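1. After the sequence you'll find the predicted model.
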Amino acid sequence: MAVPEPERGIAPSKVEAWVIWPASSRSALAKIDQAGLIEPFALLNRADGEIAQDYAPYRAAHSDTLYRYFDEFVVPKAPQ
């Protein structure tokens, strides 16, 4: 399978995820990235042992970003 050219605004390092994930997951990932929340996503959903070591310092410095990620993507508000 050929790797497609990255779309405008998508860093080349994200192309692998774009190819491997199904369309619905790619759409969700794009929304997370557009919201500026790819770091908390990686730390909480795709962490390996090495990335997991970064969690405590990231949480100490960016707790507001983690809360925002949870509020917007993990436990979003119910539709009204």
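-> Received, thanks.
2. ok, now how distant is Ile38 from Arg46?
-> Distance check for Ile38 against Arg46: by C-beta to C-beta, to the nearest Å, it reads 10 Å. Where you see a C-beta, it was placed from the backbone N, CA and C, and this is true even at glycine.
3. Looking at these two, which is more packed in?
-> Here Ile38 and Arg46 are set side by side on neighbour count (other C-beta atoms under 10 Å), and the busier one is Ile38, at 17 against 10.
4. who are the neighbours in contact with that one?
-> Counting by C-beta atoms under 8 Å, 6 or more residues apart in numbering, Ile38 touches Ile32.
5. Would you indicate which residues of the one helix or strand Ala61 maps to are buried?
-> Taking DSSP states H and E as the criterion, the element that holds Ala61 is helix 55-69. Taking 16 or more other C-beta atoms under 10 Å as the neighbour-count basis, helix 55-69 is seen to contain the buried residues Tyr58, Thr65, Leu66, Tyr69.
6. Quick check: closest non-adjacent residue to the second one.
-> Right, Thr65. Spatial nearest neighbour of Thr65, chain neighbours left out: Pro40 (5.7 Å); criterion: C-beta to C-beta, 6 or more residues apart in numbering.
7. Could I get the contacting residues of that neighbour?
-> Contact analysis of Pro40 by C-beta under 8 Å, 6+ apart lists Tyr58, His62, Thr65, Leu66, Arg68, Tyr69.
8. Can you tell me which of those residues is closest to Ser25?
-> For Ser25, the nearest member of those is Tyr69. The distance, counting by C-beta to C-beta, is 16.3 Å.
9. How about the secondary structure of the nearest residue to that closest one once chain neighbours are set aside?
-> By the measure of C-beta to C-beta, 6+ apart, the closest residue to Tyr69 outside its immediate chain neighbours is Pro40, 3.9 Å from it. Counting by DSSP: H, G, I helix; E, B strand; the rest coil, the backbone at Pro40 sits in helix.
10. Spell out, range by range, the helices that occur in this structure.
-> Secondary structure of the chain (DSSP state H): helices at 15-20, 23-34, 38-45, 49-52, 55-69.
11. In contact with Asp71, which residues are there?
-> Listed by C-beta under 8 Å, 6+ apart, the contact set of Asp71 reads Lys77.
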